[in-house]
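J.: Could you work out the structure for the sequence below:
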Amino acid sequence: MKEVLVNLAYLISASLFIFGLKNLSHPRTAVRGNMIGALGMLVAVLVTLLDRRIVDITTIIVGLTTGAVVGTVLALRVQMTAMPQLVAVFNGLGGGASALVAGTALYESLSGGGEPGFWFTASVVASGIIGAVTFFGSGVAFGKLQGIIKERPIRYSGEQVVKAVVFGLALFAGLLLIKNPDRTALYWVMILFSSVLGVLLTIAIGGADMPVVIALLNSYSGLAASATGFVLENSALIISGSLVGASGMILTNLMCKAMNRSLLNVLFGGFGEVVSTEEDIYEGKVKATSPEEVALILETARRVVIVPGYGMAVAQAQYAVRDLYNLLESRGVEVEFGIHPVAGRMPGHMNVLLAEVDIPYDKMKELEEINPTFEQTDVVIVIGANDVVNPLANTDPKSPIAGMPVLEVWKAKTVVVIKRSLSPGFAGVPNPLFAMDNTLMLFMDAKKAVQEIVNALKESS
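T.: A predicted model of the protein is given here:
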């Protein structure tokens, strides 16, 4: 009877995970999805604590309390601009925990005098390899996002061979462990090579690919957790890990399609390595403007599209953008937002920031929907975006971003780019948009620039 109730609770938990993921698919229901997923995890944790033999309830309480305190502090203090780094940390901790739990389970099995079976040991190996790759790969991703490690790919001669050899050594140690499960030192040898592999895989990827890398590492953490579920014979962990792994892989695929590149090209192509010169593109062609001039242009506009980028997030300009949106709408101007799938450093970053300040969801238009409307747009205001509005993606087959779908803002009558400088985006290539005849550059902090545009509009009324 107890086993039936436990399995029923795990089934309820898994169902809550599925409903939670469904709600996370849209900003309007994302908060509810988080709550549903958290409730599912609470059910799974409570049932596991009641059903399984645990080391010590005091240790569990200390761990839960510590995690709750750290989680609360992070939730209150981490800025939205640092959310990608936080996600990278979460992915890494999930992978590291899976590897440690799997190793501990192996030791516990041997200490009980039993002989670990093939599938048990194979699951330990899978959890260890994937978990270690995730932990150290996420550490490198965090370093790149935080600016601790340079964002450009770190490349060297024969790197693919080196990665293949390191992976082969990790796999070989794992196969030896499956054959000789009592030789536990092999587990840590396998972990060592897997850790090196995680670093090598991620350090060769440029900053522009971080949205893809975050999604992929999220998938890895789920796969590691699922493998650990097989080790512990815990159905809730198997299901939840599989859901995370599958959803992370689907998101990775969507991000790759948004950039018109294959996953192999992301992992091994060194995106962001090529850096074009800026002199021929910018010299003598860039036209600077002022908030007052932008306000004058907006005075006669009937349709305006705002394109947010990571610069908006850094400056926390979303509140000023909301004020501009409200002011223009009150004057009868049609205002929409063009959202690129990989704008910012995390999928959905711009949508979350705009939803945070109550921008209507029907005003946020995806790339495929907004691109055909630019020719009928009077003014496009680009706020801190770079690579996602770079025409080189369509015109230069040798560019690192060649073929990537971009927001074709240059087709509008006037383009205003709010940016601190002419520095390139994560891909490391200059943007010819900045030097086009219909483009005006407003070299200011995004928040201050938008606020001054709003003030100038109010004064002119």
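
J.: tell me the phi and psi of residue 334?
T.: Note on residue 334: backbone dihedrals following degrees, to the nearest 10 are phi -80, psi 120.

J.: Run through the bridge partners of it.
T.: residue 303 (DSSP bridges).

J.: Just give the number of residues close to it.
T.: A count of nearby residues for residue 334, using other C-beta atoms under 10 Å, gives 16. Where C-beta positions appear, they are placed from N, C-alpha and C, glycine not excepted.

J.: wait, it sits on residue 305?
T.: No. Using C-beta atoms under 8 Å, residue 334 is not in contact with residue 305, being 9.1 Å away.

J.: tell me the domain ranges of the chain?
T.: Structural domains assigned to the chain are 1-77, 81-268, 279-460, following automatic domain parsing.

J.: C-alpha coordinates for stretch 229-238, CSV please?
T.: The C-alpha atoms that make up stretch 229-238 are tabulated as CSV, following Å, rounded to 0.1, in the frame of the first residue of the first chain:
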residue,chain,number,x,y,z
GLY,A,229,17.3,8.8,-11.1
PHE,A,230,18.1,5.4,-12.5
VAL,A,231,21.0,5.1,-10.0
LEU,A,232,18.6,5.8,-7.1
GLU,A,233,15.6,4.1,-8.6
ASN,A,234,13.6,7.3,-8.1
SER,A,235,10.9,7.7,-10.7
ALA,A,236,10.3,11.3,-9.9
LEU,A,237,13.9,12.2,-10.6
ILE,A,238,13.9,10.1,-13.8
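
J.: Let me know the average pLDDT across that stretch.
T.: Here stretch 229-238 scores 87 as its mean pLDDT.

J.: And the contacts of it?
T.: By C-beta atoms under 8 Å, 6 or more residues apart in numbering, the surrounding residues in contact with stretch 229-238 are 7, 10, 13-14, 44, 47-48, 52, 101-102, 105-106, 119-120, 123-124, 127, 225-226, 228, 239-241.

J.: Which parts of it count as buried, going by neighbours?
T.: With burial defined by 16 or more other C-beta atoms under 10 Å, the residues of stretch 229-238 counted as buried are 229-232, 234-238.

J.: now stretch 437-448
T.: Buried residues in stretch 437-448 (16+ other C-beta under 10 Å): 439-442, 444-447.

J.: Can you classify residue 115 by secondary structure?
T.: Residue 115 falls in the coil class when you classify it by DSSP: H, G, I helix; E, B strand; the rest coil.

J.: Show the subsequent helix or strand relative to the worst-scoring helix or strand of the chain on mean pLDDT.
T.: Among the helical and strand segments of the chain, the one scoring lowest on mean pLDDT, DSSP states H and E is helix 279-282, with a mean of 60. Remark: after helix 279-282, the chain's next helix or strand is helix 291-299, criterion DSSP states H and E.

J.: Which secondary structure elements does that next one sit against?
T.: When contacts are defined as 3 or more C-beta pairs under 8 Å, 6 or more residues apart in numbering; DSSP states H and E, helix 291-299 sits against strand 379-383, strand 414-418, strand 439-442, helix 446-460.

J.: repeat that for 6 Å
T.: Counting contacts by 3 or more C-beta pairs under 6 Å, 6 or more residues apart in numbering; DSSP states H and E, helix 291-299 is packed against helix 446-460.

J.: got the buried residues for the helix it packs on?
T.: Applying 16+ other C-beta under 10 Å to helix 446-460 flags 446-447, 449-454, 456-457 as buried.

J.: Let me know the average pLDDT across that helix.
T.: Helix 446-460 carries an average pLDDT of 92.

J.: same for it, what does it pack against?
T.: In this structure, helix 446-460 packs against helix 291-299, helix 310-315, helix 318-330, with contacts taken as 3+ C-beta pairs under 6 Å, 6+ apart.

J.: If you average pLDDT over each of these, which is lowest?
T.: When the helices and strands packed on helix 446-460 are compared by mean pLDDT, helix 310-315 comes last with a mean of 85.

J.: which strands and helices sit next to it?
T.: Using 3+ C-beta pairs under 6 Å, 6+ apart as the contact criterion, the neighbours of helix 310-315 among helices and strands are helix 446-460.

J.: cutoff 7 Å now
T.: In terms of contacts (3 or more C-beta pairs under 7 Å, 6 or more residues apart in numbering; DSSP states H and E), helix 310-315 is packed against helix 349-356, helix 446-460.

J.: Please identify which helix or strand holds residue 86.
T.: For residue 86, the secondary-structure element it belongs to, assigned by DSSP H and E, is helix 83-111.

J.: which of the residues in that helix are buried?
T.: Using 16+ other C-beta under 10 Å as the burial criterion, the residues of helix 83-111 that qualify are 83-92, 94-103, 105-106, 109.

J.: Report the angle between it and helix 349-356.
T.: 110 degrees (axes from the mean of the first three to the mean of the last three C-alpha atoms, to 10 degrees).

J.: If you count neighbours, what's buried in the following helix or strand past helix 83-111?
T.: Using DSSP H and E, the next helix or strand after helix 83-111 towards the C-terminus is helix 118-146. By 16+ other C-beta under 10 Å, the buried positions in helix 118-146 come out as 120-145.

J.: And helix 118-146, what does it pack against?
T.: Packing contacts for helix 118-146, counted by 3+ C-beta pairs under 7 Å, 6+ apart, involve helix 83-111, helix 159-179, helix 185-203, helix 210-232.

J.: Let me have those helices in TSV, extended by distance to residue 356.
T.: Shown next, in TSV, are these (distance: least, C-beta to C-beta, whole Å):
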stretch	distance to residue 356
helix 83-111	11
helix 159-179	40
helix 185-203	29
helix 210-232	19
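
J.: Any idea which of the ones you listed gets closest to residue 21?
T.: Ranking the helices and strands packed on helix 118-146 by proximity to residue 21 (C-beta to C-beta) places helix 210-232 first, at 11.2 Å.

J.: how far is the closest one from where the chain is centred?
T.: Relative to the mean C-alpha coordinate of its chain, helix 210-232 is positioned 14 Å out (C-alpha atoms, centre = their mean, to the nearest Å).

J.: again with stretch 185-193
T.: Centroid separation for stretch 185-193 versus its chain: 29 Å, with C-alpha atoms, centre = their mean.

J.: So what's the model's average confidence on that stretch?
T.: Regarding stretch 185-193, the rounded mean pLDDT is 95.

J.: next one: stretch 57-68
T.: pLDDT averaged over stretch 57-68 equals 84, rounded to a whole number.

J.: Output it as PDB, nothing but the C-alphas.
T.: What follows is stretch 57-68 as a C-alpha-only set of coordinates in PDB (Å, rounded to 0.1, in the frame of the first residue of the first chain):
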ATOM      1  CA  ILE A  57      17.300  14.400   9.300                       C
ATOM      2  CA  THR A  58      19.400  17.200  10.900                       C
ATOM      3  CA  THR A  59      21.700  17.300   7.900                       C
ATOM      4  CA  ILE A  60      18.700  17.500   5.600                       C
ATOM      5  CA  ILE A  61      17.200  20.400   7.500                       C
ATOM      6  CA  VAL A  62      20.500  22.200   7.500                       C
ATOM      7  CA  GLY A  63      20.800  21.700   3.800                       C
ATOM      8  CA  LEU A  64      17.300  22.900   3.100                       C
ATOM      9  CA  THR A  65      17.700  25.900   5.300                       C
ATOM     10  CA  THR A  66      21.000  26.900   3.700                       C
ATOM     11  CA  GLY A  67      19.500  26.500   0.200                       C
ATOM     12  CA  ALA A  68      16.500  28.500   1.100                       C
END
